[in-house]
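Asks: give me a model of this one.
(chains A and B)
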Amino acid sequence: MLFIYAIAALGLIGLLFGLGLAAAAKVFYVETDPKVEAVKDLVPGANCGACGYPGCLKFAEAVVSGEVGPDACIPGGEEVAREIASLLGKEVSSTKPPIATLFCIGDVYRAADSFVYDGVKDCVVAGEYYGGHKTCTYGCLGLGNCVRVCPFEAIRMGNHGLPVVDVEKCTGCGLCAKECPRDLIEMLPPGEEGHLVLCSSQDRGKTVSRACEVGCIACKACVKACEQEAITMDDKLAVIDLEKCTDCGDCVEKCPPGTIYQRAKIPSEKDAEAAAAEKEKETA
Amino acid sequence: METLISIIFIYIFIENFVLHRFFGICPFLGVSRKMETAIGMSMAVIFVMTMATLVTWLAYTFVLLPYNLGYLQIVTFILVIASLVQLVETVLRKISPTLYQGLGIFLPLITTNCAVLAVTLLAVRLEFTFVESIVFALAASIGFSLALIIMAGIRERLEFAKMPDALQGSAVTLITAGILSIAFLGFQGMLSL
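Replies: Got it, this is the predicted structure:
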């Protein structure tokens, strides 16, 4: 009989408190903005924090109060931004995510290794070991830390020893840029306009040309060639200002090692292989 | 009166809930990174512990004891504390939005805190009177706050201290907590009820 008392007592107390809470929720109901709930239902709701707010609810509150634009939800992308905007009667600005771009084209064919690395397949570890197996101490080690960190499987390791970014899958979260121990990945504005110096080496020209066939040797030919004054020297590396670049292509012709590429023509895995095959033919 | 003063002194310093009885270690380590959050948490703990002890003492004395249901105290107290915190949160949100914002996330966080449950259970087990129970809860929660705020002060300084890599983060925090606990051992045996 004892257990019946126990169950009854506990059940009664629970019921009493439950009813009390329900009543309190009614009596002390606080009106909240229904728009906040509506926005919260639109976003993916992963509470990822990519927008800079702690959780989707806070983001929704910020959007409704006008603190932030509807396009700040990065995983939601263009579609969600448009839905939120139409719900709140706001304009959407450009919502295409930035794209991860690798600032190194020193593939296994053109940027030699100085020794055979047989350790842990991790760029940080390899970089600590005698400055990395690649002769160039600034170049991509190709062990794929960026590939592993990408939550969207937008990066894979190419056969040429450099990561390949799938532009369609890249959401612009920037995790790979943070992960890369050599800071070779930059998040660039979407689109295919502009030229880039695809090298990150701060070494002197002589050192660069010994380590890599396509590295920036800081000869300043492109700086002189550019009529827009869009190219400047960042110490021993040429940097192109995308805002000023008019895609005239003068710098590409003048660059001795061929480090500069139009963004749409960044050498792919196949280009690298073809270039390597051609070189082999020449030497033979 | 003498008992009340003894209770206050004993549970703030001698039998400090965190440093002597090791209750509420989770918030003690979790929210002591910044002084601001430590103070917020302390206020919430003082508030909830006192309220919870008040209600559970009444529930125990007037509901559980007369019907010989003393063995249900843990389950009942958990239920009471959870409902109470929920109720307080709902009411606060309506009546005092400022206080609600101030206590913020800490209020729901301590619903399931062992220190809160321990205070209510101990108040009953030590056979305190109603007034004694409330003073006991107040002293215990102030003792908790004291430990939390001291810890936050130390940790804010630790951020800038040089130390070996292996000790950084949780390791040095746990060592600090241990040393703090040993320091409070110095009060041992000064007073007893």
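Asks: can you give me every residue that contacts the residue lying closest to residue A:262 once chain neighbours are set aside?
Replies: Leaving aside its chain neighbours, residue A:262 sits nearest to residue A:195 (5.5 Å; criterion: C-beta to C-beta, 6 or more residues apart in numbering or on different chains). (C-beta placed from N, C-alpha, C; glycine too.) Taking C-beta atoms under 8 Å, 6 or more residues apart in numbering or on different chains, we find residue A:195 in contact with A:240, A:245, A:247, A:249, A:251, A:252, A:260, A:261, A:262, A:263.
Asks: and these, which is closest to chain B?
Replies: Comparing the contacts of residue A:195 against chain B with C-beta to the nearest C-beta picks out residue A:240 as the nearest, at 39.3 Å.
Asks: these two touch, right, that closest one and residue A:228?
Replies: No. Contact criterion C-beta atoms under 8 Å: residue A:240 and residue A:228 do not qualify, at 9.6 Å.
Asks: and the contacts of residue A:195, which two are furthest apart?
Replies: Across these, the longest distance by C-beta to C-beta is 13.1 Å; it joins A:251 and A:263.
Asks: of residue A:240 and residue A:228, who's got more company?
Replies: residue A:240 (20 against 15; other C-beta atoms under 10 Å in any protein chain shown).
Asks: now do the domain split for chain A, please.
Replies: A:35-88, A:99-283 (automatic domain parsing).
Asks: mind checking how far the residue nearest to residue A:262 is from residue A:238?
Replies: Taking C-beta to C-beta, to the nearest Å as the criterion, residue A:195 is separated from residue A:238 by 10 Å.
Asks: of residue A:251 and residue A:263, give the one with the bigger neighbour count.
Replies: When neighbours are counted by other C-beta under 10 Å, residue A:251 comes out ahead of the other of residue A:251 and residue A:263, with 24 against 18.
Asks: got the residues of the stretch 151-284 of chain A near chain B?
Replies: Residues of the stretch 151-284 of chain A lying near chain B by C-beta under 8 Å from any C-beta of the partner chain: none.
Asks: once you drop chain neighbours, what's closest to the residue in the stretch 151-284 of chain A positioned nearest to chain B?
Replies: At 17.3 Å from chain B, residue A:181 is the closest residue in the stretch 151-284 of chain A, using C-beta to the nearest C-beta. Of all residues not flanking residue A:181 in the chain, residue A:124 sits nearest, at 4.7 Å (C-beta to C-beta, 6+ apart).
Asks: and that neighbour, which helix or strand is it part of?
Replies: Using DSSP states H and E, residue A:124 sits within helix A:123-128.
Asks: buried stuff in the following helix or strand past that helix?
Replies: Following helix A:123-128 in sequence order, the next helix or strand is helix A:145-149 (DSSP H and E). Neighbour counts over helix A:145-149 (16 or more other C-beta atoms under 10 Å in any protein chain shown) mark A:145, A:146, A:147 as buried.
Asks: report pLDDT for the residue nearest the centre of chain A.
Replies: Centroid-nearest residue in chain A, with C-alpha atoms, centre = their mean: residue A:174, separated by 3.1 Å. Looking at residue A:174, its pLDDT is 86.
Asks: list the contacts of it.
Replies: A:98, A:100, A:187 are the contacts of residue A:174 under C-beta under 8 Å, 6+ apart.
Asks: filter those to the buried ones?
Replies: The buried subset of the contacts of residue A:174 (16+ other C-beta under 10 Å) comprises A:98, A:100, A:187.
Asks: checking the last one next. Helix, strand or coil?
Replies: Going back to what we said before, that points to residue A:187. With DSSP: H, G, I helix; E, B strand; the rest coil as the basis, residue A:187 sits in strand.
Asks: torsion angles phi and psi at the nearest residue to it once chain neighbours are set aside?
Replies: Closest residue to residue A:187 apart from its sequence neighbours, by C-beta to C-beta, 6+ apart: residue A:98 at 4.1 Å. Main-chain dihedrals, residue A:98, degrees, to the nearest 10: phi -70, psi 160.
Asks: please look at residue A:201 and residue A:140 and confirm they touch.
Replies: No. Assessed by C-beta under 8 Å, residue A:201 is found out of contact with residue A:140, at 11.2 Å.
Asks: wait, the residue nearest to residue A:181 touches residue A:145, no?
Replies: Yes. Counting by C-beta under 8 Å, residue A:124 touches residue A:145, with 6.8 Å between them.
Asks: quick one: pLDDT of the closest residue to chain B within the stretch 101-250 of chain A?
Replies: The nearest approach of the stretch 101-250 of chain A to chain B comes at residue A:128, 14.2 Å away (C-beta to the nearest C-beta). Residue A:128 is assigned 88 on the pLDDT scale.
Asks: swap in the one 4 residues further on?
Replies: At residue A:132, the predicted lDDT confidence score is 90.
Asks: wait, doesn't it sit right on residue A:143?
Replies: No. Assessed by C-beta under 8 Å, residue A:132 is found out of contact with residue A:143, at 9.5 Å.
Asks: overlap in contacts, these two.
Replies: What both residue A:132 and residue A:143 touch, as defined by C-beta under 8 Å, 6+ apart, is the set residue A:126.
Asks: now do the helices in the chain.
Replies: Assuming you mean chain A. For chain A, the helices defined by DSSP state H cover A:2-27, A:34-42, A:56-64, A:77-88, A:123-128, A:145-149, A:175-179, A:205-211, A:221-225, A:250-254, A:269-283.
Asks: wrong chain, I was asking about chain B
Replies: B:2-9, B:25-30, B:35-59, B:73-95, B:97-103, B:106-109, B:114-125, B:130-158, B:170-185.
Asks: which of those sits closest to chain A?
Replies: Closest to chain A of these is helix B:73-95 (C-beta to the nearest C-beta; 3.8 Å).
Asks: reformat the domains of chain A as CSV; add distance to residue A:3.
Replies: What follows is the domains of chain A, written out as CSV (distance: least, C-beta to C-beta, whole Å):
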stretch, distance to residue A:3
domain A:35-88, 42
domain A:99-283, 51
